[in-house]
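>>> Let's see this in three dimensions:
(one chain, ligands or ions: 1)
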Amino acid sequence: MKARRRFSGSSSRVRFSGSERSQAHARWYRTVAEQYDHLYDSGRVTKAYPFLHDLFRRRGPVLDVLDVACGTFALDLPLLRRGYRITGRDASAEMLRIARRQLMGSGRSADLGQADMRTLGLDREFDAILCLGTAFNYLAKAIDIRRALRGFRRHVRKDGLLVLDLTNFDAWIRNPQNARAEVDYRAPDGTRIAVFGFNEQDLTRSIHLARFLTVVQTGRGIDLRFDEAPLRIWTKDSLTTALQGNGFKPVEWWGDLRLGARYDRRRSPRLVSVSTRAEH
Ligand SMILES: C[S@@+](CC[C@H](N)C(=O)[O-])C[C@H]1O[C@@H](n2cnc3c(N)ncnc32)[C@H](O)[C@@H]1O
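From the prediction side, this is the model:
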């Protein structure tokens, strides 16, 4: 008994907070939402704004923008500051909580709400729709992809834009990074988040199985969780077919959300498609 007390007094408390297998690993976002903006490429936000602003100027007029998986709103805030009207929707209440806090800090206003991109019902049309940061890859089933694309089409005006920013799995498959430490982040308050990925591709089904172990250390408490999410593998050809079959016409391809990032199937980190609403 005595030995046990000494042990618990000096070691970490490790808790396994579960495993989840789902399309959008919603509980994972609950775990990491607070730190999400610091976990991945920090230059992403700075690069995305000039890319989007340039695109909207070239193919505009664009003023009214709907982001269907806005996450923490990090990519939208610079647009909002430049005078774009942004409506943000996301499936995760936790990501939206961070989005609302950041919005309040910006002193601007925007319409933010919880919604699933497969069943949008905003009852109006926008100049442009954004679906960024791999969110569209989460739709793995054909029926979900169709529902989402048809919904996007109902929400974009004639000649309006749809911007999809996807993982470029062509490059990934050529240069697999299937077992790797993806994140090791220490927040200023001492919280530490580490993410280890163990991925696998099922090429016959065009599915990338994202599996990852997430470790969150707060003080002496360590939370472990394991998640698995099927992501749709898109290529330029398969995406062209899906877009054309659902009322969109692809007009530009880019290799990143960055000005001048030419798309190279074998090397680009991202597959970014810009489409316009096609007339039936
Ligand atoms: C990787 S994050 C990207 C967030 C943001 N677009 C960005 O680029 O920073 C993916 C986001 O998609 C959201 N999401 C996943 N499936 C969704 C769905 N069916 N409808 C709406 N949002 C969804 C998640 O909650 C999460 O916030």
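>>> The top helix by length along the chain packs against which elements?
Ranked by residue count under DSSP state H, the longest helix found in the chain is helix 44-59. Counting contacts by 3 or more C-beta pairs under 8 Å, 6 or more residues apart in numbering; DSSP states H and E, helix 44-59 is packed against helix 77-81, strand 126-131, strand 156-167, strand 248-254, strand 270-277. For glycine as for every other residue, the C-beta is placed from the backbone atoms N, C-alpha and C.
>>> Now do the helices in the stretch 101-250 of the chain.
142-154, 169-174, 236-245 (DSSP state H, counting those that start in this stretch).
>>> and the last one, which residues are buried?
Residues of helix 236-245 classed as buried: 239-240, 242-243 (neighbour count, 16 or more other C-beta atoms under 10 Å).
>>> next one: the longest one
Judged by neighbour count (16+ other C-beta under 10 Å), helix 142-154 contains these buried residues: 144-145, 147-149, 151-153.
>>> Redo those residues as a markdown table? Include pLDDT.
A markdown table is the format used below for the buried residues of helix 142-154 (pLDDT from 0 to 100):
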| residue | pLDDT |
| --- | --- |
| Asp144 | 97 |
| Ile145 | 98 |
| Arg147 | 98 |
| Ala148 | 98 |
| Leu149 | 98 |
| Gly151 | 98 |
| Phe152 | 98 |
| Arg153 | 97 |
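>>> could I get these as TSV with distance to the ligand?
Converted to TSV, those look like this (distance: C-beta to the nearest ligand atom, whole Å):
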residue	distance to the ligand
Asp144	8
Ile145	11
Arg147	10
Ala148	7
Leu149	13
Gly151	10
Phe152	11
Arg153	16
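>>> show me what contacts whatever residue of the stretch 101-250 of the chain ends up closest to the ligand?
Nearest residue of the stretch 101-250 of the chain to the ligand, counting by C-beta to the nearest ligand atom: Gly133, 2.2 Å away. Going by C-beta atoms under 8 Å, 6 or more residues apart in numbering, Gly133 touches 69, 71, 75, 165.
>>> Next, work out how far apart Gly260 and Leu224 are.
Gly260 is 41 Å from Leu224, where distance means C-beta to C-beta, to the nearest Å.
>>> quick revisit: tell me how far the residue of the stretch 101-250 of the chain closest to the ligand lies from Phe16.
Gly133 is 28 Å from Phe16, by C-beta to C-beta.
>>> Equivalent analysis for Thr134, please.
26 Å.
>>> Just name the most buried of the helices and strands packed on helix 44-59.
Ranked by mean neighbour count under mean count of other C-beta atoms under 10 Å, those are led by strand 126-131, which reaches a mean of 24.
>>> Contacts only, for the residue nearest to Asp144 when sequence neighbours are not counted.
Spatial nearest neighbour of Asp144, excluding adjacent residues (C-beta to C-beta, 6 or more residues apart in numbering): Arg118 at 5.3 Å. With contacts defined as C-beta under 8 Å, 6+ apart, Arg118 is in contact with 139, 144, 147-148, 151.
>>> can you check Ala148 too?
Neighbour list for Ala148: 68, 117-118, 136, 139 [criterion: C-beta under 8 Å, 6+ apart].
>>> go on, Thr214?
Contacts of Thr214 (C-beta under 8 Å, 6+ apart): 28, 31-32, 193-195, 224-227.
>>> Look at it and report its pLDDT.
We have a pLDDT of 92 for Thr214.
>>> measure it to Thr240 for me?
Relative to Thr240, Thr214 is positioned 35 Å away (C-beta to C-beta).
>>> How about Arg89?
In terms of C-beta to C-beta, Arg89 sits 26 Å off from Thr240.
>>> circling back to that earlier point, any chance of the buried residues of helix 236-245 in a markdown table, with distance to the ligand and pLDDT too?
Shown next, in a markdown table, are these (distance: C-beta to the nearest ligand atom, whole Å; pLDDT from 0 to 100):
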| residue | distance to the ligand | pLDDT |
| --- | --- | --- |
| Leu239 | 17 | 98 |
| Thr240 | 22 | 98 |
| Ala242 | 16 | 98 |
| Leu243 | 18 | 98 |
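>>> quick one: low-confidence ranges for the stretch 101-250 of the chain?
Under the criterion pLDDT under 70, no range of the stretch 101-250 of the chain is flagged.
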